[in-house]
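[1] Below are the sequence and a predicted model; questions follow.
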Amino acid sequence: MSVTFTRRRVLRAALLACGAAGAGLATPAALAQAAWPDKPVRIIAAGPAGATADMAARILADALGKEGGQPVIVDPRPGAGGALAVNELSQAPHDGYTLLVAVNSLVSEIPHIIKLKVDMAREIAPVAELGRGGLVLVGNPELPARDFAQLKTWIKGKPGAVSYASYSAGTLSHVLGLQLNKAAGLDMTHVGYKGSTPALTDVMGGHVPLMFDGIPSSLPLIRAGKVRAYAISSPQRSPLLPDVPTFTELGYPQLQATGWMGLWVKPDVPAAQQARLRETVLKLMGQPALRAKLQELGFEPGQPRTQEELARSLQADYKRMGEVLKSIDFKAE
């Protein structure tokens, strides 16, 4: 076998490996990415500094920097429900050196809430799930109800007088309350806030009795006894809240829902580069120390779903959210 023929076979195999990324991307420059990372990596976090996405991005950045031997910079970008972070990513090269850490609601919920000029599902592609968790129904600790059964009885005894908070109108935090009203025959009134912090503050202060919230923001308050947890929307009980039943256990499988924090890239990053990045991240996610750090933030371990499975779940969640919001004539702002 000639050296020329061997080189042709190697080049052909490499081109085929990159082919799924689209014509024109499997160039010699793309093939040179085998040494990734060979320069600093930037992670855009969809949210303000110190928020959950920023903290998760910094945990990943630390591990990725040690693994690849290159600096990994975290750049928090708050605003417009994550749209500003996506816009920042869209302006970056498609070489896989600019990444995004954000929750799945960026694709499944935000397009229903905010009128955007871009299609989020076309602007970003999921690479890997970093962590996950259901939403927990929490209440003021002074409520007379000690468990969900008592809570339901208490709410039914006050038709139209009990309200529940969400961290933003149109989000899963809002929709779960609508679904609980329908499933359990309740009549709670929704009160939308601009974020978990002000909503939880009002729950603790007794201004609104209940809220559907993510575990990362509510867990410290639950542990401190400042709010009481009644039920969680995940398929199984959370190891972070083992004594809190799931809505499915309580007879309301309609309220089964899980949010996840993910790593995303521009869709035109070559497929071979996405696969290499995904392999690296999943390897890091298997490290007990990294998983423990994410758990401290309130995340259960992410599932190793494929990119195609993640994309399908986003489409299904987007459709489900749209149907519920349409039923109450919700309008995007």
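    It's in.
[2] which secondary element of this protein has the worst mean pLDDT?
    Between all helices and strands in the chain, the lowest mean by mean pLDDT, DSSP states H and E belongs to helix 3-18, at a mean of 38.
[3] which residue packs closest to the residue nearest in space to the middle of the chain, ignoring adjacent ones?
    By C-alpha atoms, centre = their mean, the chain has its centre lying nearest to residue 103, at 2.4 Å. Nearest residue to residue 103, sequence neighbours excluded (C-beta to C-beta, 6 or more residues apart in numbering): residue 261, at 5.4 Å. Where you see a C-beta, it was placed from the backbone N, CA and C, and this is true even at glycine.
[4] Which pLDDT value goes with that neighbour?
    pLDDT recorded at residue 261 is 97.
[5] And the one 4 residues further on, by the same measure?
    The per-residue pLDDT reported for residue 265 equals 97.
[6] Show me where the stretch 201-333 of the chain has its strands.
    210-214, 228-232, 259-265, 300-301 (DSSP state E, counting those that start in this stretch).
[7] how far does the last one sit from the chain's center?
    Distance, stretch centre to chain centre, for strand 300-301: 12 Å (C-alpha atoms, centre = their mean, to the nearest Å).
[8] Then the second one?
    A distance of 20 Å separates the C-alpha centroid of strand 228-232 from that of its chain, computed with C-alpha atoms, centre = their mean.
[9] in the stretch 51-200 of the chain, which spans are strands?
    Under DSSP E, counting those that start in this stretch, the stretch 51-200 of the chain gives strands at 72-76, 98-103, 125-133, 135-139, 163-166, 189-192.
[10] For residue 256, find the nearest of those.
    With C-beta to C-beta as the criterion, residue 256 lies closest to strand 135-139 of the strands of the stretch 51-200 of the chain, at 10.6 Å.
[11] send the alpha carbons of the closest one over as PDB?
    Extracted in PDB, the C-alpha atoms of strand 135-139 (Å, rounded to 0.1, in the frame of the first residue of the first chain):
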ATOM      1  CA  LEU A 135     -39.500  22.300  40.900                       C
ATOM      2  CA  VAL A 136     -40.600  22.100  44.500                       C
ATOM      3  CA  LEU A 137     -43.800  23.500  45.900                       C
ATOM      4  CA  VAL A 138     -42.800  25.500  49.000                       C
ATOM      5  CA  GLY A 139     -44.900  27.400  51.400                       C
END
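[12] If you count contacts, what does it end up packed against?
    With contacts taken as 3 or more C-beta pairs under 8 Å, 6 or more residues apart in numbering; DSSP states H and E, strand 135-139 sits against helix 172-184, helix 196-204, strand 210-214, helix 215-223, strand 228-232.
[13] sorry, back to before: any idea which of the strands of the stretch 201-333 of the chain is most buried?
    Across the strands of the stretch 201-333 of the chain, averaging neighbours per residue (mean count of other C-beta atoms under 10 Å) puts strand 210-214 on top, at a mean of 26.
[14] can you list contacts of that strand?
    For strand 210-214, the surrounding residues in contact (C-beta atoms under 8 Å, 6 or more residues apart in numbering) are 52, 133, 135-140, 151, 162-167, 172-174, 176-177, 188, 196, 199-200, 203, 218, 227, 233, 259, 298.
[15] quick check: angle from that strand to helix 215-223?
    130 degrees (axes from the mean of the first three to the mean of the last three C-alpha atoms, to 10 degrees).
[16] hey, C-alpha coordinates of strand 210-214 in PDB?
    Below are the C-alpha coordinates for strand 210-214, written out as PDB (Å, rounded to 0.1, in the frame of the first residue of the first chain):
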ATOM      1  CA  LEU A 210     -47.000  29.300  48.200                       C
ATOM      2  CA  MET A 211     -44.500  29.100  45.300                       C
ATOM      3  CA  PHE A 212     -43.100  26.600  42.700                       C
ATOM      4  CA  ASP A 213     -39.400  27.100  42.700                       C
ATOM      5  CA  GLY A 214     -36.200  25.400  41.600                       C
END
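[17] any idea of the mean pLDDT for it?
    97.
[18] how far does it sit from the chain's center?
    The mean C-alpha position of strand 210-214 is separated from the chain mean by 16 Å, C-alpha atoms, centre = their mean.
[19] and residue 68, what does it touch?
    36-37, 41, 280.
[20] Do a quick rundown of the helices in the stretch 201-333 of the chain.
    215-223, 271-285, 288-296, 307-327 (DSSP state H, counting those that start in this stretch).
[21] quick one: low-confidence parts of the stretch 201-333 of the chain?
    Applying pLDDT under 70 to the stretch 201-333 of the chain flags no residue at all.
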